[in-house]
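Chemist: Model the following, please.
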Amino acid sequence: MTAMTEPTAVQDLPPSDRPLFLRFGRGPSATPPFHRIHHAFEAHAARSPHARAVEHEGDCLTYGELDHRANVAAAELLDAGVRPGDHVGVFLSRSIHMVVGILAVLKVGAAYVPQDVRITPAPHLAHVIRTAGITVVLTTTEHAPELSAPNVLALDALPDRRVGPPTAAPGDTAVVIFTSGTTGVPNGVRVTHANLCNVLLTAPGDLGVRPGDRVAHLLNIAFDMAVWELFGALAHGATAVLRGRDIAATARTATVLIATPGVLSTVDPAACPDVRVVAVAGERCPQPLADAWSARAAFHNACGPTEVTIVNTVQRYDPATGRLTIGRPIPNTTVYVLDQDLRPCPIGEVGEMWAGGACVTAGYLGNDVLTAQRYRPDPFLGGDHLMFRTRDLGRWTPDGELEHHGRTDDQVKVRGFRVELDAVTSALETTDGCARATTVLHDGRLVGFVSPATVDVRAATDAVARALPYYCVPSQVVAVDDLPLTERGKVDRAALTSLVTVA
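Modeler: Down below sits the predicted model:
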């Protein structure tokens with residue numbers, strides 16, 4: 001990574017803060033051992049073909065078997081016309097077929113676009129297919145009839161055949177993750193192989209995973225942290241343990257857990273005696289959760305939106321200090337705490353976090369305007385480097401760690417997914433008889449309010465379920481006569497939150 005420079009803006013800082021801004025904001029230098037994330041898997045398949053690679057509800061494949069099946073599926077993709085740089089839908093549920101499909105797509109130089117076919121509404125899938133220009137979708141025979149794409153391949157129906165590894169030229173983009181946009185329309189984020197190798201193949205993002213480890217795969221496959229779970233195992237010779245319905249049962253057999261705090265809070269640490277490493281991200285981590293797990297395992301608290309490749313800051317939490325932060329920049333990346341005019345904030349002052357370096361992804365599919373708004377030229381690294389506006393607020397501690405201080409907008413995290421409150425509100429307002437609505441986040445769950453009080457709350461819930469992904473559906477909808485307003489004429493969400501306990 002290019003060394004950080006001292007642009008004119010840094011001169012506005014107090015002299016004592018200038019070197020700290022540059023030093024705190026730059027992660028260490030490191031060289032990932034591979035340039036393509038699946039090459040790390042293939043190296044382990046060649047070295048230890050009989051090691052167990054993946055498990056799911058009693059079924060398993062070794063590294064050699066998984067590599068062969070991925071090569072077979074890759075040959076089918078090539079026969080279907082998939083070429084380097086294409087986007088291929090992986091519309092599956094958590095399964096061994098899912099892992100085979102992901103590796104097959106990467107092997108032909110394409111990028112995979114994951115969606116959980118069981119729970120994703122048809123309009124959302126159609127938007128993903130259209131936005132990503134998908135012509136080939138990988139799925140299973142169970143779900144193939146439900147999917148509308150030019151070419152749908154059922155992985156469980158592919159004939160076995162003798163094939164070697166494909167010789168396709170490698171593509172740059174590895175995966176396209178769709179996140180909720182500022183208007184409620186999902187945006188596809190292009191995550192490159194270089195992005196993934198930087199975070200997953202260097203410390204601390206590699207979490208010290210090694211052969212013999214069992215890494216639980218607990219999260220939705222469309223979530224960026226699921227990439228960390230899967231390749232956190234396969235890139236290091238460990239076993240990916242895919243859960244079925246029971247999260248706790250899978251966690252009990254694992255040595256490594258990667259999850260959102262919400263998911264992790266459903267697991268009893270005492271029931272997981274073999275877990276030695278835990279990493280959380282995706283939402284604020286409660287201190288008691290960090291304390292409970294750090295008493296038994298190495299506990300990492302991390303932060304970063306999809307656009308900066310899963311996470312870009314990590315703290316190895318020390319329960320002796322009891323000071324939970326989001327840590328420091330990972331290798332080859334930078335973090336800047338800036339004010340609204342993009343000037344560096346003094347050390348200790350809250351500002352907006354911008355991220356630079358190897359974590360910055362390749363922008364949004366088909367949305368150059370939003371890409372230009374959120375990805376800006378990086379004045380601190382210079383050249384053609386970009387920095388990304390995270391919309392997270394933070395500040396530096398005196399010893400160079402980042403404290404998280406919320407978001408600048410109304411996007412919230414629910415079970416690790418970003419949800420736009422206004423998008424949920426708009427869906428609620430499509431309910432028959434609804435004049436106004438609003439949505440709040442209360443104790444980690446979405447609560448919708450509809451007015452007048454005669455609105456059918458079940459119908460309102462169904463309206464959101466039809467329009468938006470499942471994680472956007474409020475866990476409770478309350479019908480009220482009128483929505484309270486602030487002095488400025490806006491809906492007073494704080495006042496509504498007080499009604500949730502009563503409702």
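Chemist: rest of the way, CA atoms for contacts and neighbours
Modeler: Noted.
Chemist: Could you check how many residues crowd around Gln115?
Modeler: Residue neighbour count, defined by other CA atoms under 10 Å, stands at 23 for Gln115.
Chemist: With Ala80 instead?
Modeler: Neighbour tally, Ala80, other CA under 10 Å: 14.
Chemist: contacting residues around it?
Modeler: Counting by CA atoms under 8 Å, 6 or more residues apart in numbering, Ala80 touches 136, 151.
Chemist: Output the below-cut-off pLDDT ranges for this structure.
Modeler: For the chain, the stretches with pLDDT under 70 are 1, 5-9, 180-184, 409-411, 486-490, 501-503.
Chemist: and the biggest strand by length in it, which strands flank it?
Modeler: Among the elements of type strand in the chain, defined by DSSP state E, the one spanning the most residues is strand 386-396. Strand 386-396 has the following strand partners under DSSP bridges: strand 351-357 (antiparallel), strand 375-377 (antiparallel), strand 402-407 (antiparallel).
Chemist: CA atoms only: put it into PDB for me.
Modeler: Output in PDB follows, covering the C-alpha atoms of strand 386-396 (Å, rounded to 0.1, in the frame of the first residue of the first chain):
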ATOM      1  CA  LEU A 386     -10.300   5.700  -3.600                       C
ATOM      2  CA  MET A 387     -11.800   6.000  -0.100                       C
ATOM      3  CA  PHE A 388     -15.300   4.900   0.900                       C
ATOM      4  CA  ARG A 389     -17.800   6.800   3.000                       C
ATOM      5  CA  THR A 390     -19.000   4.300   5.600                       C
ATOM      6  CA  ARG A 391     -21.600   6.600   7.200                       C
ATOM      7  CA  ASP A 392     -20.300   5.200  10.600                       C
ATOM      8  CA  LEU A 393     -19.400   7.700  13.300                       C
ATOM      9  CA  GLY A 394     -16.300   7.100  15.300                       C
ATOM     10  CA  ARG A 395     -13.400   8.600  17.200                       C
ATOM     11  CA  TRP A 396      -9.800   7.700  18.000                       C
END
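Chemist: any chance you could map the helices in this protein?
Modeler: Using DSSP state H, the helices of the chain run over 18-24, 37-47, 63-79, 96-107, 122-132, 193-200, 224-234, 247-252, 261-264, 287-294, 368-374, 421-428, 457-467, 493-502.
Chemist: Let me see the contact set for Tyr317.
Modeler: Tyr317 makes contact with 290, 294, 298-301, 323-325, according to CA under 8 Å, 6+ apart.
Chemist: sorry, back to before: just say which of the strands paired with strand 386-396 is most tucked in.
Modeler: Ranked by mean neighbour count, the strands paired with strand 386-396 are led by strand 351-357 with a mean of 26 (mean count of other CA atoms under 10 Å).
Chemist: Leaving aside the residues adjacent along the chain, what's closest to Arg18?
Modeler: Val10 (6.2 Å; CA to CA, 6 or more residues apart in numbering).
Chemist: What of Gly64?
Modeler: Counting by CA to CA, 6+ apart, the residue nearest Gly64 is Pro49, at 4.1 Å.
Chemist: looking at it, that neighbour is touching His68, isn't it?
Modeler: No. Counting by CA atoms under 8 Å, Pro49 does not reach His68; the two are 10.2 Å apart.
Chemist: Run the chain-centre distance for the longest strand of the chain.
Modeler: 16 Å (CA atoms, centre = their mean, to the nearest Å).
Chemist: Repeat that for stretch 427-440.
Modeler: For stretch 427-440, the distance to the chain centre is 29 Å (CA atoms, centre = their mean).
Chemist: got the buried residues for that stretch?
Modeler: Residues of stretch 427-440 classed as buried by neighbour count (16 or more other CA atoms under 10 Å): 427-431, 434, 436-440.
Chemist: just stretch 457-471 next, same as before
Modeler: 457, 460-461, 463-465, 467-469, 471.
Chemist: returning to what we had before: got the contacts of Tyr317 as JSON lines, with neighbour count and distance to Val267 columns?
Modeler: Listed next are these as JSON lines, based on neighbours: other CA atoms under 10 Å; distance: CA to CA, whole Å:
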{"residue": "Ala290", "neighbour count": "24", "distance to Val267": "13"}
{"residue": "Ser294", "neighbour count": "21", "distance to Val267": "14"}
{"residue": "Ala298", "neighbour count": "19", "distance to Val267": "16"}
{"residue": "Phe299", "neighbour count": "25", "distance to Val267": "15"}
{"residue": "His300", "neighbour count": "26", "distance to Val267": "16"}
{"residue": "Asn301", "neighbour count": "25", "distance to Val267": "17"}
{"residue": "Arg323", "neighbour count": "10", "distance to Val267": "23"}
{"residue": "Leu324", "neighbour count": "22", "distance to Val267": "20"}
{"residue": "Thr325", "neighbour count": "25", "distance to Val267": "22"}
